[in-house]
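Undergrad: the amino acid sequence is not available; the structure is as follows:
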Ligand SMILES: C[S@@+](CC[C@H](N)C(=O)[O-])C[C@H]1O[C@@H](n2cnc3c(N)ncnc32)[C@H](O)[C@@H]1O
């Protein structure tokens, strides 16, 4: 079974739950941090375009890639509805290709933590570094460790137009404290008038990073001028009460 697959039902749930432009403070934060940028920007793990589309609408030159064709299909459709165009690539953190040296890479929504080993995370950071022009910036959000460890698996439901209901049953599989990884099994079901039409099973795993662990990794890979901010307040040192921790680092 593929990990963190975001297949048909998972993509539909993401799109219903977090439609284009839905902000957790991140849309405004990224718009502010990217103000005045005219060069190419890349959003790895772009998903349905929840953030990409508001950035394009603000006149930024943003493209994206994602490992899920289903997520990219939503993104393509939403771009079309707004007569917007950009390059979307079906690719992973480990094999994406940037067509030209990038000005900025943005990784919101804790997507970096979907890479569930230290080695994969380092390989992605190395690839980001190689894809940026000298002086270019990496902006990357981490969910705090507590948010990953304290997740309460259970049942959630969404109505799926026109007549359906989607359920997501999440069960905890393991917490590997040495590898800093949590694993859950996600069972999605699509129901219509009490009849089960479709089921999808996905293993979902997240790796948590220590704040200083990621800072050291970035420094070792050739990034500098690292600013770590809490709660989408640029320059404010992160605290336990912050729902998100944002890194900004420059390629030296
Ligand atoms: C939480 S969603 C974020 C989507 C979008 N960036 C946003 O902010 O709404 C995570 C995305 O990561 C993608 N993904 C998971 N593993 C990936 C990988 N190894 N490489 C690239 N994308 C991946 C999923 O398909 C999904 O679209």
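TA: Alright, I've got the coordinates. Every value quoted in this text rests on a predicted model; they were computed, and no experiment measured them.

Undergrad: near the ligand, which residues of this structure?
TA: Within the chain, the positions adjacent to the ligand are 4, 6, 18, 45-47, 50-51, 66-68, 71, 92-93, 108-109, 111, 114 by Cβ under 6 Å from any ligand atom. For glycine as for every other residue, the C-beta is placed from the backbone atoms N, C-alpha and C.

Undergrad: could you list which of the residues you listed belong to strands?
TA: Counted as lying in strands by DSSP state E, out of the residues of the chain next to the ligand, are residue 66.

Undergrad: contacting residues around residue 135?
TA: Going by Cβ atoms under 8 Å, 6 or more residues apart in numbering, residue 135 touches 250-251.

Undergrad: no, scratch that, I was asking about residue 41
TA: Contacts of residue 41 by Cβ under 8 Å, 6+ apart are 34, 55, 60-63, 102-106.

Undergrad: mind putting the residues you listed in JSON lines, secondary structure included?
TA: Listed next are the contacts of residue 41 as JSON lines, based on DSSP: H, G, I helix; E, B strand; the rest coil:
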{"residue": "34", "secondary structure": "coil"}
{"residue": "55", "secondary structure": "helix"}
{"residue": "60", "secondary structure": "coil"}
{"residue": "61", "secondary structure": "coil"}
{"residue": "62", "secondary structure": "strand"}
{"residue": "63", "secondary structure": "strand"}
{"residue": "102", "secondary structure": "strand"}
{"residue": "103", "secondary structure": "strand"}
{"residue": "104", "secondary structure": "strand"}
{"residue": "105", "secondary structure": "strand"}
{"residue": "106", "secondary structure": "strand"}
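
Undergrad: a markdown table for these, including distance to residue 252, neighbour count and pLDDT?
TA: As requested, the contacts of residue 41 are exported to a markdown table (distance: Cβ to Cβ, whole Å; neighbours: other Cβ atoms under 10 Å; pLDDT from 0 to 100):
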| residue | distance to residue 252 | neighbour count | pLDDT |
| --- | --- | --- | --- |
| 34 | 20 | 18 | 98 |
| 55 | 25 | 22 | 98 |
| 60 | 24 | 23 | 98 |
| 61 | 23 | 15 | 98 |
| 62 | 24 | 25 | 98 |
| 63 | 24 | 18 | 98 |
| 102 | 15 | 21 | 98 |
| 103 | 15 | 19 | 98 |
| 104 | 15 | 23 | 98 |
| 105 | 15 | 24 | 98 |
| 106 | 19 | 27 | 98 |
